[in-house]
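A.B. asks: Provided below are the primary sequence and the corresponding predicted coordinates.
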Amino acid sequence: MPSLRKGGMQDLERYYPLLEMDFDSEELFAKRDLRRGIRKGTMEFLIMQEEESGMDLAYAFTIPRGVYGYVLLKYFGVLPWLRGKGVGVDAMRLLNRYYAEKQGIAAEITDFPDEDPDRQKKLKKFFRRFGYEEIECTCTIRDVDAHLFVKPLRGSERIGPVADRVLYDLYSRVLDPAEVRRMIKICPTEETG
């Protein structure tokens with residue numbers, strides 16, 4: 001059975017090359033920003049590991065402390081040699097339980113070029129499997145289209161009209177607010193009930 005532990009600075013040194021392989025450089029925070037966020041407690045680095053063996057299985061970097069009560073799941077990955085074996089399913093279940101008292105969990109899927117043409121479709125299907133819903137808004141990260149997904153926990157998935165405020169608030173806890181304004185562009189849409 002997997003469990004979660006908080007990663008520290010030594011873990012970050014080991015995991016950063018994996019982040020560089022798994023995520024486009026345009027969407028990747030600088031190591032100093034991750035370090036500062038973890039140190040200040042504005043970002044959490046969670047490592048899923050097998051309880052019995054202590055072997056690392058997957059990781060997540062989140063920004064959990066926003067004004068609106070939502071968590072941003074910024075980076076999520078399974079160690080390369082364990083992919084396709086159901087580890088991501090267990091890891092996502094753990095994350096959902098870990099943040100169960102929050103309003104919800106937001107995640108972005110960007111349209112950066114990828115060697116796997118079906119990657120984006122697979123990611124969307126994966127997130128939907130866990131109750132994430134795509135938010136109606138226009139979102140770009142560093143001028144690349146992105147899709148915003150939210151898993152409502154205690155709050156509403158209908159954050160489209162305030163998605164810009166929710167994400168700016170979360171990102172500004174780790175990055176300089178001026179950088180956040182340059183990096184992320186969100187046009188909320190009116191949602192009707």
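C.D. replies: Here it is on my side, so go on.
A.B. asks: got the contact list for the closest residue to residue 47 other than its chain neighbours?
C.D. replies: Nearest non-adjacent residue to residue 47, counting by C-beta to C-beta, 6 or more residues apart in numbering: residue 7, 4.8 Å away. For every residue, glycine as well, the C-beta is placed using N, CA and C. Counting by C-beta atoms under 8 Å, 6 or more residues apart in numbering, residue 7 touches 15, 38, 45, 46, 47, 59.
A.B. asks: could you show me where the strands are in this structure, in order?
C.D. replies: 2-6, 44-50, 56-63, 70-78, 104-110, 133-134, 137-141, 144-152, 184-188 (DSSP state E).
A.B. asks: what comes up buried for the top helix by length along the chain?
C.D. replies: As assigned by DSSP state H, the longest helix anywhere in the chain is helix 9-22. Across helix 9-22, burial judged by 16 or more other C-beta atoms under 10 Å covers 11, 12, 15, 16, 19, 22.
A.B. asks: Same check on stretch 33-52?
C.D. replies: Of the residues in stretch 33-52, 34, 35, 37, 38, 42, 43, 44, 45, 46, 47, 48, 49 count as buried by neighbour count, 16+ other C-beta under 10 Å.
A.B. asks: Give me the contacts around that stretch.
C.D. replies: The contact list for stretch 33-52 (C-beta under 8 Å, 6+ apart) reads 1-9, 11-12, 15-16, 29, 55-65, 74, 87, 90-91, 94-95, 98, 173-175.
A.B. asks: Selecting buried members of these in PyMOL, what would you type?
C.D. replies: Selecting only the buried entries of those in PyMOL, with 16+ other C-beta under 10 Å as the criterion:
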select buried, resi 2+4+7+11+12+15+16+29+56+57+58+59+60+61+62+63+64+65+74+87+90+91+94+95+98+173+174+175
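A.B. asks: now for the strands of the chain, which one comes closest to residue 168?
C.D. replies: Proximity to residue 168, assessed across the strands of the chain by C-beta to C-beta, is greatest for strand 184-188 (7.0 Å).
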